[in-house]
Every structure is written in structure tokens, then in C-alpha cells.
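# sharing a model prediction with you, sequence too.
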Amino acid sequence: MHIGFLNPQGNFDSANSHITKHPDFGGQLIYVKQVALAIAQMGHKVDILTRQIIDPEWPEFAETFETYPGVDNVRIIRLPAGPKEFLPKELLWPHLVADWVPNILKFYQEQGGLPDAMTAHYGDGGLCGVLIEEETGIPFTFTAHSLGAQKMDKLEVTSENLTEIDEQFNFRYRILAERLSMNRSAINITSTRQERFEQYSHRVYSGAVDVNNDNRFAIILPGADFSIFGAKARSENEEATYQHIQERLARDIAETRRDLPVIVASSRLELKKNILGLVQAFAMSPTLQERANLVLITGGLDDPLREEASDGIAEEVLAPIREVVKEKDLWGKVSAFGLSDQSQESLAATYRFLVKRRSVFALTALYEPFGLAPLEAAVAGLPVVATKNGGPSESFRQGDKEYGVLVDPEDTADIARGLERLLCNAQEWEYFAQAGQQRVLKKYTWESTAENYLTLLEQILSSPETRPRAELLPIHAYFRNPESQTDVFLEELGDLYFGSNQKVLINAG
Ligand SMILES: O=c1ccn([C@@H]2O[C@H](COP(=O)(O)OP(=O)(O)O[C@H]3O[C@H](CO)[C@@H](O)[C@H](O)[C@H]3O)[C@@H](O)[C@H]2O)c(=O)[nH]1
Ligand SMILES: O=P(O)(O)OC[C@H]1O[C@](O)(CO)[C@@H](O)[C@@H]1O
């Protein structure tokens, strides 16, 4: 089979360059890469289609073609979309329609050999899947990774602030792209039941897809790379990473506290990851402060508690954290630093170093669509405290059985209690370290993710009629002419979000 992966946010390269440097980089790139490589290893031909970026700040994303060392049948293909330089994903929409999709079609016309099927990633990839299917009949699966509706909820959108918020986030494009994607995909792939039944049933997606229709959804679990994160794996720079951490702890942590366990957080520096909530929980609990230090892994920023970040988005996250550290005088108990190369290998070595001192991994995101990071920490041997909102409620709990401690991210006392549970009781630490690790080893492998994708794609291609779609939403005209219709779009977003009018798309065709 020949499969195209539509991943327009053009920050994709074989080395995972800059993986933590911008909020658009992170889990989705890891997911696409791992599934693509595992499918290719099973003998299929894979094209990862992404945006070409010609920008001195991001030289890794400029060449049209790239391959993975030692892998024959995967190509990264970068095609232009709008201006040459890097653009945040929120600004890509019109360029995808005007440029990127036509460039993909032209590329395959010139090369011959269109893919048999596409897998589309995030709302922007989904929209491109819709448009490509419309032109060529090639079916696509849709994997949302993160849906706009939950982000809007967490941003507390009201009719008063909608216009202002949308200036930054362009939800007006995103929500409608997501509606079209989930409506027209051959099937929607979610990482959890919760994503299918709760995230997709948000009112803004009403009428686009029926979450109770088994023909429209497949739940495919993502994975963790055991060769990187496994407890016995070793990276080339294992010792150097251990030394780097020790140096940073020596820089930031009071001498008498340096051998204490650590509460470690590692995520993109983005407000919704709620690193602030974790710092506040640490600040309010004398017990936690007595028993552990807090370590924040901060991508490329090496001393963000003392130095301002030049990047505005990171600074928005870090400034209030700095305030809490100052106000509650947490100096000597908190350390924040980046890993020298920000690679998954160094992150894995960091986790293994911290396991030895009975540390705990924490992800207190306000909402986490799935969450690869806690799986990776768990397989390395760290017990996990994770948000109860989103994917972790399924990856770290089944029925009454707990594999990690789930906490309410909006309740700092609950976060503190969850952490204390592991740090104050050796048996609990032991239990959760074991249970979390075994859970990931048994259920979360990228090979089985890839096998499940392949099975679905084979079914879709061999008998498309077995997965009938509901009435198709018309592709909205303004996707073809974004400039002229923006205002109409904005009103429609309000209608969708606040629920007064569900007819908008039907009328717009
Ligand atoms: O220094 C670092 C820090 C992180 N990472 C990697 O970055 C990824 C982060 O992924 P994840 O924890 O899943 O978070 P997001 O980046 O927010 O990913 C989005 O996409 C993922 C894949 O669908 C979903 O699991 C998330 O919920 C969704 O928010 C992980 O694989 C980490 O190993 C590094 O490589 N180096
Ligand atoms: O915050 P958002 O827009 O919901 O998106 C989550 C983001 O996480 C990522 O998946 C990072 O992996 C991005 O590609 C995606 O844009």
C-alpha cells in the first residue's frame, strides 16, 4: 500500500529538530513519525507530506525531500504553502487551501502514483484530506490529536471575548475544518473512548458526526518507544545527561536537599499545560517541600527562573511561575532547565536518572487530549500524577484499577494530595511505579498502533461501502476564498459555540 500522511504544520524532520521550541512542535510529530516508520517497516510505502519552510531560523525544514537514515520506503515531502518563512499553525489555513493542497496534487500528477489512502492529522491536515478526497477520491482517516472545542472551553470563551480570542487562534477556521474532517473522513481515529464520546460530542461538532455510530470511529492506542524510554534502554549521552542534571541541581537546589526525590514536569511551554498549577501545589504544601524538589524541564531554555524568555508564548507561561517562586520563596527547592539537545533520548535518560531517587512525574494540564509524555515517564519507571481531564483518565485508570494518580488540575490542593500520596508512602510509590510501567509495556506499542492503522486502511480500500458516511457537509465556499468571507465566518463560530444555530454549514454550501 502507498499511504500519505497529511501533516501540514511544517516542522517535521527526521531528527525531531526543535521539538520543544515552539508550541506547534511536540506530540503530534512524534505520533506521525512513529506510526509512519512502523507502517513502513511492515513493507508499505509512506509519504509524510508537510509544509516547506525556508527560514534561516529553521534550516532543517527547507529541503523538498528527506528520508530517515537506514529506512528505504519513507519520504518526508515538503511543499510550499504561502510565504516561505515559518508560520504558527493558526495562520496556515488560507495557504493550505490556496497553495498546499494544489501543490500536493501537482506533485503527484508530475510524479505519477498518487497514494492509495491518506491519514490526516489535526484539523488542518483533516481539511486538506477533505479537499484532496474531493479532487481525487482518495479516502482519508482523520486523527485530531487535539480538538479546538476543548481549547475554547479552557480559554473560557464568552460572546464578549470571542472576537478578541479568535484574532489569535482563528478558531473560526479550525472548528469548521474539524467539522468537515470528522464528517467526511472514511473513519475518525481517536486515542481513547473518552476522546470519541466526550471530545467529539462537544456541541460545536453537533451534526457533523454521530459519536454513537461505530462505523465512524476506531479507537487506536498510541505508543511509547521502549527502545528510547525503556528502563533498561541507554542513550548515547546517558552519562552526559546525568551530569547535566546534577550540574543544574547543584546550580539551583540548596546543598542539603540535593539528593531528595524530584517532582518532574516536562511539556511544551503552553498555558494549557498548567505548569503554574503544579508550582502552586508545591508552594502550598510544606510536606511536599520537605520531601522533594520540583524540576521543570523547559525545552531550550536553560535558566528560565532567572532569565526572561525571548519567546512571548513561553514567557506568558514562565512569568507567573517566576512570581510564585519569588513570592513563596521557593529558591533552593525548584530547578528549571532545558536538556542540552531536547531530544527524546535525553529526556528518557533524565527519567531514568530520577527513578533512582524515587521521583514522580507530573502532568497537570487543564485538558490533555491524550498525553504521550506520561506514558514515556511511566515506562522509564516513574510513577505518574496526571490530570483527570482527558486521555490520562483512560491510560492510567481502568474501572477501579489505578495505574497512576489522577488529580483535578484546577484544584491545587488536589494536585498536592496526589503528589503527597506517592512521596509520603513508599508502598504507594512502588505500586504505581510498577503498575504504570506494566500498563504501558502491555498496551502501548507503536507497532500495534501501526497494525491497527493498516487493518483499517485495508478495510476502507477493499470495501468502502461497509463504512457509510452520514449526509456530507458541503465544503464551505470561503475555504476557496477566505479573504472575502471572514466576518460571516466569525458570526457562525459564535452560533456554533453558543448553540443558537446549528444550520450554518448546511446553509452555506
Ligand atoms: O525535551 C523534550 C520534551 C518533550 N519531548 C517529546 O514531546 C512529546 C510531547 O507529547 P505529548 O505529551 O503527547 O504532548 P503534546 O505535545 O501536547 O501533543 C499533542 O499530540 C499528542 C499526540 O496525539 C497528544 O498525546 C497530546 O495530548 C496532544 O496535546 C513527547 O513524545 C516527548 O517525548 C521531547 O522529545 N523532548
Ligand atoms: O493547542 P492545540 O491547538 O489544541 O494543539 C495542540 C498542538 O499540539 C501539537 O499536536 C504538538 O504536538 C501540535 O501539533 C498541535 O498543534
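Received it, and whenever you're ready, just let me know what you need. Ligands and ions are numbered 1, 2, ... in the order given.
# show me what contacts whatever residue of the stretch 301-450 of the chain ends up closest to ligand 2?
With Cβ to the nearest ligand atom, the shortest gap between the stretch 301-450 of the chain and ligand 2 falls at residue 369, namely 7.1 Å. For every residue, glycine as well, the C-beta is placed using N, CA and C. Counting by Cβ atoms under 8 Å, 6 or more residues apart in numbering, residue 369 touches 144-147, 150, 191, 195, 199, 390-391.
# repeat that for 10 Å
27-28, 144-147, 150-151, 190-192, 194-195, 199, 389-391 (Cβ atoms under 10 Å, 6 or more residues apart in numbering).
# OK, contacts around whichever residue of the stretch 51-200 of the chain sits closest to ligand 1?
Closest residue of the stretch 51-200 of the chain to ligand 1, Cβ to the nearest ligand atom: residue 145 (3.9 Å). The contact partners of residue 145, taken as Cβ under 10 Å, 6+ apart, are 7, 26-28, 31-32, 121-123, 125, 190-191, 195, 222, 369-370.
# which one of those residues is nearest residue 177?
residue 123 (4.3 Å; Cβ to Cβ).
# I figured the closest one hits residue 182, correct?
Yes. Using Cβ atoms under 10 Å, residue 123 is in contact with residue 182, at 9.3 Å.
# are there residues contacting both of those two? Which ones?
142, 144, 147.
# which SSE is the residue of the stretch 101-250 of the chain found nearest ligand 2 in?
As assessed by Cβ to the nearest ligand atom, ligand 2 sits closest to residue 146 within the stretch 101-250 of the chain, at 3.3 Å. Remark: residue 146 resides in no helix or strand, with elements defined by DSSP states H and E.
# nearest spatial neighbour of it, chain-adjacent residues omitted?
Using Cβ to Cβ, 6 or more residues apart in numbering and skipping residues adjacent in sequence, the residue nearest residue 146 is residue 369, 4.4 Å away.
# tell me the least confident of the contacts of residue 145?
pLDDT across these is lowest for residue 26, at 87.
# phi and psi next, for that residue.
Here is the backbone geometry of residue 26 (degrees, to the nearest 10): phi 150, psi -130.
# same thing with residue 258?
Torsion angles, degrees, to the nearest 10, at residue 258: phi -70, psi -20.
# give me every residue that touches it.
246, 249-250, 252, 293, 332, 335, 357.
# and the pLDDT at it?
95.
# could you measure from it over to residue 325?
Distance, residue 258 to residue 325, by Cβ to Cβ, to the nearest Å: 18 Å.
# residues from the stretch 51-200 of the chain in reach of ligand 1?
Residues of the stretch 51-200 of the chain found near ligand 1 (Cβ under 6 Å from any ligand atom) are 145-146.
# one more pass at 8 Å, please.
143, 145-146, 191 (Cβ under 8 Å from any ligand atom).
# turn those residues into JSON lines, including distance to residue 112.
Compiled in JSON lines, those are given as follows (distance: Cβ to Cβ, whole Å):
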{"residue": "143", "distance to residue 112": "27"}
{"residue": "145", "distance to residue 112": "31"}
{"residue": "146", "distance to residue 112": "35"}
{"residue": "191", "distance to residue 112": "35"}
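# pretty sure the residue of the stretch 101-250 of the chain closest to ligand 2 contacts residue 124?
No. Using Cβ under 10 Å, residue 146 is not in contact with residue 124; the gap is 11.4 Å.
# find the nearest non-adjacent residue to residue 72, please.
That would be residue 40: by Cβ to Cβ, 6+ apart, it lies 7.9 Å from residue 72.
# what helix or strand is the one you found on?
helix 27-41.
# can you give me the buried ones in stretch 150-162?
150-152, 154-155, 157, 162 (16 or more other Cβ atoms under 10 Å).
# may I have it as PDB, with CA atoms only?
Coordinates of each C-alpha in stretch 150-162 appear next as PDB, following Å, rounded to 0.1, in the frame of the first residue of the first chain:
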ATOM      1  CA  GLN A 150     -11.900  21.800  24.400                       C
ATOM      2  CA  LYS A 151      -9.300  24.500  23.900                       C
ATOM      3  CA  MET A 152     -12.000  27.100  23.500                       C
ATOM      4  CA  ASP A 153     -13.600  25.900  26.700                       C
ATOM      5  CA  LYS A 154     -10.400  26.100  28.600                       C
ATOM      6  CA  LEU A 155      -9.900  29.600  27.300                       C
ATOM      7  CA  GLU A 156     -13.300  30.500  28.800                       C
ATOM      8  CA  VAL A 157     -14.600  31.900  25.600                       C
ATOM      9  CA  THR A 158     -17.600  34.200  26.000                       C
ATOM     10  CA  SER A 159     -19.600  36.200  23.500                       C
ATOM     11  CA  GLU A 160     -17.700  39.300  24.700                       C
ATOM     12  CA  ASN A 161     -14.200  37.900  24.300                       C
ATOM     13  CA  LEU A 162     -14.800  35.600  21.300                       C
END
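# before we move on, back to that, how about the residue of the stretch 301-450 of the chain closest to ligand 2, phi and psi?
Dihedral angles for residue 369 - degrees, to the nearest 10 - are phi -50, psi -50.
# go on, residue 3?
phi -120, psi 130.
# looking at residue 123 and residue 182, which one has more neighbours?
residue 123 (27 against 23; other Cβ atoms under 10 Å).
# three-state assignment of the more buried one?
The three-state assignment at residue 123 reads helix, by DSSP: H, G, I helix; E, B strand; the rest coil.
# what's the spacing between it and residue 372?
19 Å.
# same question, residue 288
26 Å.
# how about residue 462?
Residue 462 is 31 Å from residue 372, by Cβ to Cβ.
# the closest residue to residue 126 other than its chain neighbours and residue 140, how far apart?
Closest residue to residue 126 apart from its sequence neighbours, by Cβ to Cβ, 6+ apart: residue 181 at 2.6 Å. Residue 181 sits 8 Å away from residue 140, going by Cβ to Cβ.
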